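> okay, sequence plus prediction incoming.
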Amino acid sequence: MSNGGDCKYVIHQNAYIKLVLHALNHKTSAVNGVLLGRLSGEVVEITESVPLFHTSQIGLLPPLEIALITIEEYYSSQGLSIVGYFHANERFDDLELGSVARNIGDHIHRYFPQSAVLLLDNRKLGALRNKKDAAPIMQLYTRDSSKSWKQVESTGTSRLTTKEPSANIVLLDFISSNKWNEIVDFDDHLDDISKDWLNSGLFK
């Protein structure tokens, strides 16, 4: 299998929640993050995520390279690789995958051809309180044979699922208790290295 054309993507609850909380912590700016996991047959299992940036550094290569190298070094000892990219747009009504997200996605794809890009769907996030839906509130993009990122439409069985069916219920719990205030991203860590970019205490 040469690319993510036929892969299914399963994201673990904590990795999923961390990404959404990061976006909520910086509602007025674009944010991004990386997905970590492994390939099992035709399933990419996303077991971890790391929030990256929320400032103008979001599209700059030098800080991104530093972050990716640090993250890769830490997680490789656990048998995990960077398997994808997460992006949340600055504007609530913006559901397009922009050039920054596509470029970083391309960069990760060079090292992991089955990689995915996840884009936060603010409409689904907004509707979550009223609509008890187990589906992830993210759009899935994979790279097709023309080397461009295309949204994978849900037809019947979704190719992006959460490992735990109750992930959105737990997410709502975290939102109502303002847990998003506790999220530390790589931006914060570069400003103050005592801040824990692993967010080790978030789920304790």
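Great, that's in hand. Numbers count the residues shown, from 1 in each chain.
> CA atoms for contacts and neighbours, from now on please.
Fine.
> do you know how far Ile169 is from Ile137?
Ile169 sits 12 Å away from Ile137, going by Cα to Cα, to the nearest Å.
> grab the longest helix from the chain for me.
Longest helix in the chain, counting residues (DSSP state H): helix 61-76.
> what helices and strands are in contact with it?
On a contact count with 3 or more Cα pairs under 8 Å, 6 or more residues apart in numbering; DSSP states H and E, helix 61-76 meets strand 81-88.
> just checking, what packs against the following helix or strand past the strand it packs on?
Scanning forward in sequence from strand 81-88 by DSSP states H and E, the next helix or strand is helix 99-111. In terms of contacts (3+ Cα pairs under 8 Å, 6+ apart), helix 99-111 is packed against strand 81-88, strand 116-120.
> do that again at 10 Å, thanks
strand 31-40, helix 61-76, strand 81-88, strand 116-120, strand 138-143, strand 149-151 (3 or more Cα pairs under 10 Å, 6 or more residues apart in numbering; DSSP states H and E).
> quick one: strands adjacent to the last one?
Spelled out, that is strand 149-151. strand 138-143 (antiparallel) (DSSP bridges).
> what sits against the residue nearest to Asp121 when sequence neighbours are not counted?
Closest residue in space to Asp121, ignoring its immediate chain neighbours: Met138 at 5.0 Å, by Cα to Cα, 6 or more residues apart in numbering. Applying Cα atoms under 10 Å, 6 or more residues apart in numbering, one finds that Met138 lies in contact with 16, 20, 86-88, 117-125, 160-161.
> ok, back up a step: any chance of CSV for the helices and strands packed on helix 99-111, columns mean pLDDT and distance to Leu202?
Conversion of these to CSV gives the following (pLDDT from 0 to 100; distance: least, Cα to Cα, whole Å):
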stretch, mean pLDDT, distance to Leu202
strand 31-40, 97, 16
helix 61-76, 93, 18
strand 81-88, 97, 19
strand 116-120, 96, 21
strand 138-143, 95, 21
strand 149-151, 94, 31
